[in-house]
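A.B. asks: could you look at this predicted model? Sequence included:
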Amino acid sequence: MFYYVYLLECQKDKSWYIGYIKDLRTRIKDHQTGNGCRTTSLKKDWKLIYYESYLNKADALGREKFLKGGSGRKYLNKQLSHYFEKNTSNPPRAKLL
């Protein structure tokens, strides 16, 4: 069994949602249909742009916590710089919901 840490980007306003889950495919569908969580249910245009998998739940939860912080957002901006250059006219945003 794997545990996933994932990053969704709202295609409308480029805001981010970072989460953790065991069943990534089902969770992404939930977010896109408004059944994910209260935070993402207000928007329906979420796109998975990044994920990591872990064998240990504690490792995944620790990584999720890191990515939600300032250093984690800087890491994601650097890691996904080519994606942001190609898919946005604005510089990457690290606005988390």
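C.D. replies: Great, that's in hand.

A.B. asks: which of the residues in stretch 8-26 are buried?
C.D. replies: For stretch 8-26, the neighbour count (16 or more other Cβ atoms under 10 Å) marks 8-10, 14-21, 24 as buried. Bear in mind the C-beta positions are built from the backbone N, C-alpha and C, glycine included.

A.B. asks: which ones among the residues you listed lie within helices?
C.D. replies: Of the buried residues of stretch 8-26, the ones assigned to helices by DSSP state H are residue 24.

A.B. asks: okay, residue 65: pLDDT?
C.D. replies: For residue 65, the model assigns a pLDDT of 98.

A.B. asks: what strand or helix carries it?
C.D. replies: With elements taken from DSSP states H and E, the one containing residue 65 is helix 57-68.

A.B. asks: hang on, the earlier thing: pipe the buried residues of stretch 8-26 into a markdown table and attach pLDDT and distance to residue 44 per row.
C.D. replies: Formatted as a markdown table, those follow (pLDDT from 0 to 100; distance: Cβ to Cβ, whole Å):
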| residue | pLDDT | distance to residue 44 |
| --- | --- | --- |
| 8 | 95 | 12 |
| 9 | 94 | 13 |
| 10 | 91 | 9 |
| 14 | 90 | 15 |
| 15 | 91 | 13 |
| 16 | 94 | 16 |
| 17 | 94 | 13 |
| 18 | 96 | 18 |
| 19 | 95 | 16 |
| 20 | 95 | 21 |
| 21 | 96 | 19 |
| 24 | 95 | 18 |
